[in-house]
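J.: Could you work out the structure for the sequence below:
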Amino acid sequence: MTAPILIFGYGNPSRGDDALGPAFLERIDALRTVHPEWPGVELLTDFQLQVEHVLDMKGREFVLFVDAHATTRPPFSCERICPSASLAYTTHAMTPAELLHLYARVVGSQPPPSFLLGIRGEHFELGEPVSDAAAHNLECAVVFTAELLGRRDTELWFEPFNSQSGQCISLP
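T.: Just a heads-up that it's a prediction; the model follows:
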């Protein structure tokens, strides 16, 4: 059976703060053991989005993409994303919106509601560890998502995802 929620963290663990997506999944995975009440969640990680990930989205209630962002306001941003076609000639640097567009073309139906959690990163140099600032931003994003996962009614996820602008706060 397919878990209703897919959380897809992507990035390169060898490039400093680019590791935030995979690090986020590690934190959420560790918290799942103490939160059996959370809904069915599958965690998926990769270095980048690829065409093959279209199939990972099939049968989901919704998808949360998690990535490091150099330009978002700290500690994170969270927004709903819609399918968007690209003029790119390669799939080497796909965005979540482009992956949603491919989903509609390949599967023949609308993709599940999808959201992008962009965690603010500062340093992306090869061989560097995650920066202190990014580690703080990561923890804020984990708290935010843990509170969402604690809501049994997944419809309640949509309101904060549509309005949250990266404040490190506790949600009502």
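J.: can you give me the end-to-end distance of stretch 74-84?
T.: Start and end residues of stretch 74-84 are separated by 26 Å (Cα to Cα, to the nearest Å).
J.: Any buried residues in that stretch, and which?
T.: The neighbour-count criterion (16 or more other Cβ atoms under 10 Å) identifies 74-79, 81, 83 as the buried residues of stretch 74-84. C-beta here means a position set from N, CA and C on the backbone, and glycine is covered the same way.
J.: May I see those arranged in JSON lines, with pLDDT as well?
T.: Output for those, formatted as JSON lines (pLDDT from 0 to 100):
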{"residue": "74", "pLDDT": "94"}
{"residue": "75", "pLDDT": "96"}
{"residue": "76", "pLDDT": "94"}
{"residue": "77", "pLDDT": "91"}
{"residue": "78", "pLDDT": "88"}
{"residue": "79", "pLDDT": "87"}
{"residue": "81", "pLDDT": "90"}
{"residue": "83", "pLDDT": "89"}
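J.: Just send those back as a markdown table, with secondary structure too.
T.: Output for these, formatted as a markdown table (DSSP: H, G, I helix; E, B strand; the rest coil):
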| residue | secondary structure |
| --- | --- |
| 74 | coil |
| 75 | coil |
| 76 | strand |
| 77 | strand |
| 78 | strand |
| 79 | strand |
| 81 | strand |
| 83 | coil |
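J.: Next, the buried residues of the biggest helix by length in the chain.
T.: Looking only at the chain and at elements set by DSSP state H, the helix with the highest residue count is helix 132-149. Taking 16+ other Cβ under 10 Å as the neighbour-count basis, helix 132-149 is seen to contain the buried residues 134, 137-138, 140-145, 148-149.
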